[in-house]
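> Below: sequence and its predicted model.
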Amino acid sequence: MFHRITLGRAMIESMITVAIREQAEKRGITTAYQLQVATGAPPSMAAKWFRNDMQSIGVKTLDRLCTVLKCKPNDLLKYEPDASE
């Protein structure tokens, strides 16, 4: 999933992909509700995480997800450089 970020008039396409759902499923968490229960997050936030629908993430949130999913930050966030660069 690529994200588009608007800065002033410029449109920037982020090369960072989010893989929370994939990591959750590796740990047997197959629904947003299960992710909510495991992390203690509000339902709407857990649903966004499970859909990999994120614009930003705080360090505390990243730490909580890594703890629950027994993974490292680079398992949840992937950098894929632009092929044209």
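Happy to help now that I have it. Numbers count the residues shown, from 1 in each chain.
> so who does Glu25 touch?
Not one residue lies near Glu25 by Cβ atoms under 8 Å, 6 or more residues apart in numbering. In short, each C-beta sits where N, CA and C put it, glycine included.
> any idea which helix or strand comes after the strand or helix carrying it?
Using DSSP states H and E, Glu25 falls within helix 20-26. Where DSSP H and E defines the elements, the next helix or strand beyond helix 20-26 is helix 32-39.
> Run through who's touching that following helix.
By Cβ under 8 Å, 6+ apart, the surrounding residues in contact with helix 32-39 are 20, 24, 29, 41-43, 45-47, 49-51, 64-65, 68.
> show me where the chain has helices.
Under the criterion DSSP state H, the chain contains helices at 20-26, 32-39, 43-50, 59-69, 73-76.
> For Asp82, find the nearest of the ones you listed.
Taking Cβ to Cβ, helix 73-76 is the member of the helices of the chain nearest to Asp82, at 18.9 Å.
> what about the closest one, distance to the chain center?
Relative to its chain's centre, helix 73-76 lies at 9 Å (Cα atoms, centre = their mean, to the nearest Å).
> Would you mark the buried spots in that helix?
Across helix 73-76, burial judged by 16 or more other Cβ atoms under 10 Å covers Asp75, Leu76.
> for stretch 63-80, same thing?
Applying a neighbour-count criterion of 16+ other Cβ under 10 Å, one finds Leu65, Cys66, Val68, Leu69, Cys71, Asp75, Leu76 buried in stretch 63-80.
> who's in contact with Pro73?
Leu62, Cys66.
> so how far is Thr30 from it?
Distance, Pro73 to Thr30, by Cβ to Cβ, to the nearest Å: 22 Å.
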